[in-house]
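Undergrad: predicted coordinates and the sequence they were generated for:
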Amino acid sequence: MLGVCYYPEHWPESWWADDAKRMFEMGIRFVRIGEFAWSRMEPSRGFYDFEWLDRAIEVLGKAGLKVVLGTPTATPPKWLMDEHPDIAPVDERGQPRGFGSRRHYSFSSETYHKESSRIVEVLAKRYGNHPALAGWQTDNEYGCHLTVLSWGAEDLKAFQNWLRKTYQTTDQLNEAWGNVFWSMEVSNFDQISLPHLTVTETNPAARLDFWRFQSGQVAAYDKMQCDIIRKHSPGRWVTHNFMGFFNEFDHWKLGENLDFASHDSYPLGFAEQFPFSEQDHIKWAETSHPDIAPFHHDLYRGVGRGRFWVMEQQPGPVNWAPWNPVPKPGMVRLWTWEALAHGAEVVSYFRWRQAPFAQEQMHAGLNMAGLSDLSAGGTEAAAVGTELKKIGKLPKFEQAPVAIVYDYEASWITRIQPQGQDFRYHELVFRWYEAVRSLGLNVDFVPPGHSLKNYDLVLVPSLPHISDQALRAFEKAKGVVFYGPRTGSKTRHFAIPDGLAPGPLRGLLNMRVTQIASLRPGLNDTVSGKVSGTASRWREHVETSEQILARFANKEAALIASGQHHYLACWPDADLLHDIMQVLCRKAKLKTVKLPEHIRLRTCGNLTFAFNYGTKSWKVPKGAKLVLGSAAVKPQNVAAWT
Ligand code: GAL
């Protein structure tokens, strides 16, 4: 159940056997290698050098470890970039992005497709049936460093072709995009330019299609790699390591290529980057917020259709956030147990040993920089290894009672047209997740259109564009459904729907949104009725003949109900949101517990886990039969009971 990311090419060969032995001894069974090593695999065109990799895999395999082989395409080597400079992605200002870090390729580069398929095929043929090989990781963190959208000549050509296929005629495209506005009409697909470098904002419909197109390019590029691997490596799985709080492409779609999903879990780095208040940043700086890591475990379990790995687990301070504190003692162990409790099949630490050189020299590993001495995080990982031997396999994952409908397009739409600058989709979803998890409930994430029949409570924090499939799933839902602001507010082509928002949802909720106010910080409204609290950031004016559960200060509808369907016409602050969740859980007949902000639970078969992110101990319920930890769960500690 434990793994590690290892770079044999970074260390003298004489160290490999000892590294492998020490990995095995601490309970590690999987090693991911190779994902950045193209310059060593093929130092110049057509001159392959795999002998070092053969030996590395041999050494690891002999020590009892299974290898996860990464395709090296996140780092095209210098000779290739010199031969084909047009592989490089182009930023939004039209500047090509240079060589000397990583991810310097555009997903639309035909040359890069060819070169990638060549190196992937060579690798898959050579190692595809190796007894030490467990499976594959395609590339590394697609889109990292903002590389999904590229604005070059080849991107333009491919986009024009995509539009030709999608719309067939420019009349249809002009109509769909509303190009009559500002004389934007075109009469030929070659006249279309990428939506950038204009005097003022570009057409949102064009921008949304460009995003859809680029997201599709990422999935197609990945599929090319998966197909080659499957052909030459039958019976081995393929995964990809997705990033946290990263919505640049549709992970649901790409996930369809994979046997399961993986994600890279950096709880402290993510907490630093999250738009918390200053006070909350300080509170969670050294532990992370208790919902950040689990949010991603639950999301990627969904993307992986029930299966996921943590491919990279933070082992100590990282190097890339604005501030990079050391995790409080106990947190590396806690995060590991928490991932396993949320269904991770393997938790693999990044990385085995801190590199004393190059860009990531300030990033911790399980061993200190350039040494074979365990770091603080390494010692905790070893402790989990020992505990796991005692506990054995955890019970199988089960469906949660609560589903959150998560939509990548919702993120694109609200970024293309924020309307209020603090309307952040990922923040909204995170807050809804937090509110329901603070009631002790397990949560699944599902894509729009996924069956909702077996969920007691369905949360839709915001879904601006409701597809026919998504609508059908809402119509067939059996539990309580709760929609948030902006749901149903756009058509597929980024227009306001006929008859106003919530568009197609009006068949389920007789209401319409007549005005929308975005509210600057400090400008709030109050909500009162069956629930009460504050609305901030976003407030809709609604006409409805449905039941009104709570009203704004001027008596207009804030929370609306029609049978099991509920609509909230604002961005709720924590007090209001928690109140609503309690009322809806009661209506859905869910058993809840009110947890302190630093405690989270996760049930996993007959086991319940508690995780303490705070500074005060917490008592497990009376009668609990402990299998891990003690009845008073200390800060940064874990308990599990039946
Ligand atoms: C990940 C990446 C790794 C490494 C790590 C550092 O985003 O996949 O290669 O850079 O971050 O935290």
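TA: Happy to help now that I have it.
Undergrad: what does the chain put close to the ligand?
TA: 140-141, 144, 264, 266, 312, 318, 320, 350, 360, 363 (Cβ under 6 Å from any ligand atom). Every C-beta, even on glycine, is put in place using the N, C-alpha and C of the backbone.
Undergrad: in strands, which of those residues appear?
TA: 264, 312 (DSSP state E).
Undergrad: go ahead and build a PyMOL selection from the buried members of the residues of the chain next to the ligand.
TA: Only the buried entries of the residues of the chain next to the ligand go into this PyMOL selection, using 16 or more other Cβ atoms under 10 Å:
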select buried, resi 140+141+144+264+266+312+318+350+363
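Undergrad: dump the residues of the chain next to the ligand to a markdown table, plus distance to Asp280 and pLDDT.
TA: Listed next are the residues of the chain next to the ligand as a markdown table, based on distance: Cβ to Cβ, whole Å; pLDDT from 0 to 100:
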| residue | distance to Asp280 | pLDDT |
| --- | --- | --- |
| Asn140 | 31 | 98 |
| Glu141 | 27 | 98 |
| Cys144 | 26 | 96 |
| Asp264 | 23 | 98 |
| Tyr266 | 18 | 98 |
| Glu312 | 25 | 98 |
| Val318 | 19 | 98 |
| Trp320 | 20 | 98 |
| Phe350 | 26 | 98 |
| Glu360 | 28 | 98 |
| His363 | 25 | 98 |
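Undergrad: identify the farthest-apart pair in the residues of the chain next to the ligand.
TA: Asn140 and Val318 (15.8 Å; Cβ to Cβ).
Undergrad: now do the contacts for Asp575.
TA: Contact analysis of Asp575 by Cβ atoms under 8 Å, 6 or more residues apart in numbering lists 532-534.
Undergrad: which of those residues tops the neighbour count?
TA: Gly533 (21 neighbours; other Cβ atoms under 10 Å).
Undergrad: any idea what the closest residue to Ile599 other than its chain neighbours is bridged to?
TA: Spatial nearest neighbour of Ile599, excluding adjacent residues (Cβ to Cβ, 6 or more residues apart in numbering): Trp618 at 4.9 Å. Judged by DSSP bridges, the bridge partners of Trp618 are Val633.
Undergrad: now the one 10 residues further on
TA: For Leu628, the beta-bridge partners under DSSP bridges are Ala640.
Undergrad: count of neighbours near His566?
TA: So His566, with other Cβ under 10 Å, has 23 neighbours.
Undergrad: three-state assignment of it?
TA: Taking DSSP: H, G, I helix; E, B strand; the rest coil as the rule, one finds His566 in the strand state.
Undergrad: what's the burial count for the closest residue to it other than its chain neighbours?
TA: By the measure of Cβ to Cβ, 6+ apart, the closest residue to His566 outside its immediate chain neighbours is Phe482, 4.7 Å from it. Applying other Cβ under 10 Å, we find 26 residues neighbouring Phe482.
Undergrad: where does the stretch 201-350 of the chain have low pLDDT?
TA: Along the stretch 201-350 of the chain, segments meeting pLDDT under 70 are nowhere present.
Undergrad: if you count contacts, what does the longest strand along the chain end up packed against?
TA: With secondary structure taken from DSSP E, the chain has its longest strand at strand 533-544. Judged by 3 or more Cβ pairs under 8 Å, 6 or more residues apart in numbering; DSSP states H and E, the packing partners of strand 533-544 are strand 511-518, strand 525-529, strand 557-562, strand 570-572, helix 574-587.
Undergrad: report the angle between the helix or strand following that strand and helix 574-587.
TA: Proceeding N to C from strand 533-544, the next assigned helix or strand is strand 547-552, under DSSP states H and E. Here strand 547-552 runs at an angle of 170 degrees relative to helix 574-587 (axes from the mean of the first three to the mean of the last three Cα atoms, to 10 degrees).
Undergrad: state the mean pLDDT of strand 547-552.
TA: Across strand 547-552, pLDDT averages out at 98.
Undergrad: what's the answer for stretch 572-579, then?
TA: Here the average pLDDT along stretch 572-579 is 97.
Undergrad: also stretch 105-120?
TA: Mean predicted lDDT for stretch 105-120 stands at 98.
Undergrad: how about stretch 76-84?
TA: 98.
Undergrad: buried set for that stretch?
TA: Result for stretch 76-84 [16+ other Cβ under 10 Å]: buried residues 76-77, 80-81, 84.
Undergrad: perfect, I'm done here.
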